[in-house]
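# Okay, predicted coordinates and the sequence, questions at the end:
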Amino acid sequence: MAFWTGYVSDEMMGTFAPIVIYWIYGGMYQLFPSSNRYRLHTLKEEEQKNLVRMPTVVKGVLLQQLVQATVARLLFSVSGSSRESDQLVQPSVPVQLLQIFMAMIVMDTWQYFVHRYMHHNKFLYRHVHSQHHRLVVPCAIGALYNHPLEGLLLDTFGGAISFLISGMTAQTAVFFFCFAVIKTVDDHCGLWHPGNIFHFFFQNNSAYHDIHHQLQGTKYNYSQPFFSVWDRVLGTYMPYKLVPRTDGGYETRPYKC
């Protein structure tokens, strides 16, 4: 039984908890920035290279989250799940972990191929996906800064398909979607903390995605948000090295094997 049981439905938690988590976790990075020794880009680079200002980023993210919340409410309604039925048929923890792992694979697969196609289709890149790449230097709050069409196709549909194929309940979906949001925000934070647990378990991390936002890496490292499998299998993986900067922090430098 989840801690929110009796206070709010699983469907409401699955809809709005990821949004709240996004702004809390992303806001921590934005409001309490780390020292330069952890940054992958200097503050000066961030100000000079990024082609969009923070108020515009915030408005874009809120628009995407509005669409996501609307689709989530519809999805939970159509799936026929309810708080009472979920409590009766909630699977064991090992089964839920297996469902989450399956959802991770499905989401990675969906996002890899849609993301890659948006880079290779000139029309879609110019008019849709390029909006996300206005953040040449990624930042935590900008993780979901996308064109509305991309947000719908890549993230919203990706999440819905992962939920449906994995067969998870609305209660399990709360944990999966919150985890996915935290991981996505972390991948865009632009920081390299030595003690970051995501760097220990996932090769797809903030440095990995930083390469993709660089000019020489836009045709590589499409995988998000969890694994790097599809990049490695299909030849779009670009390895990198972290080079300490003289003024503090690190620089991610791509190199060919």
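Cool, got the structure. Residues are numbered from 1 along each chain as shown.
# can we go C-alpha only for contacts and neighbour counts from here?
Noted.
# now the strands: where do they sit in the protein?
Assigned by DSSP state E, the chain shows strands spanning 240-244, 250-254.
# dump the residue contacts of M102.
162, 166 (C-alpha atoms under 8 Å, 6 or more residues apart in numbering).
# ok, now the one 5 residues further on?
For M107, the contact set (C-alpha under 8 Å, 6+ apart) comprises 158-159, 161-162.
# Select, out of the strands of the chain, the one closest to R116.
strand 250-254 (18.7 Å; C-alpha to C-alpha).
# So which elements touch the closest one?
Strand 250-254 sits against helix 206-213, strand 240-244, with contacts defined as 3 or more C-alpha pairs under 8 Å, 6 or more residues apart in numbering; DSSP states H and E.
# buried sites along stretch 51-70?
57, 60-61, 63-65, 68-69 (16 or more other C-alpha atoms under 10 Å).
# I should have written stretch 232-242 there, sorry.
By 16+ other C-alpha under 10 Å, the buried positions in stretch 232-242 come out as 236-240.
# What of stretch 205-223?
205-214, 217-223.
# Kindly report the same for stretch 163-181.
Neighbour counts over stretch 163-181 (16+ other C-alpha under 10 Å) mark 163, 166-178, 180-181 as buried.
# In helices only, show me those residues.
163, 166, 170-178, 180-181 (DSSP state H).
# Just name the closest of the residues you listed to E11, please.
For these, the nearest to E11 is A170 (5.8 Å; C-alpha to C-alpha).
# doesn't E11 make contact with the closest one?
Yes: using C-alpha atoms under 8 Å as the test, A170 is close enough to E11 to be in contact (5.8 Å).
# contacting residues for D210?
With C-alpha under 8 Å, 6+ apart, D210 has these contacts: 137-138, 188, 190, 252.
# Farthest-apart pair in the ones in helices among the buried residues of stretch 163-181, please.
S166 and V181 (17.8 Å).
# related to what we said a few turns ago, now for the helices and strands packed on strand 250-254, which one comes closest to Y125?
helix 206-213 (13.5 Å).
# Pick out whichever of the ones in helices among the buried residues of stretch 163-181 sits closest to H132.
Each of these was checked against H132 using C-alpha to C-alpha; the closest is V181, at 16.5 Å.
# how close does the closest one sit to T5?
According to C-alpha to C-alpha, to the nearest Å, V181 and T5 sit 22 Å apart.
# With Q224 instead?
32 Å.
# just L75 next, same as before
20 Å.
# between the two, which one's more packed in?
When L75 and T5 are compared for neighbours, L75 comes out ahead with 19 against 14, by other C-alpha atoms under 10 Å.
# Not counting sequence-adjacent ones, nearest residue to the more buried one?
A160 (7.1 Å; C-alpha to C-alpha, 6 or more residues apart in numbering).
# okay, now that neighbour: neighbour count?
Residues contacting A160 under the criterion other C-alpha under 10 Å number 17.
# For the protein, which element, helix or strand, carries the lowest mean pLDDT?
When each helix and strand of the chain is scored by mean pLDDT, DSSP states H and E, helix 83-89 comes last, with a mean of 51.
# contacts for stretch 46-63?
Contacts for stretch 46-63 (C-alpha under 8 Å, 6+ apart): 134-137, 141-142, 144-148.
# for the stretch 1-150 of the chain, what are the low-confidence residue spans?
Confidence mapping of the stretch 1-150 of the chain against pLDDT under 70 gives the ranges 1, 33-35, 80-88.
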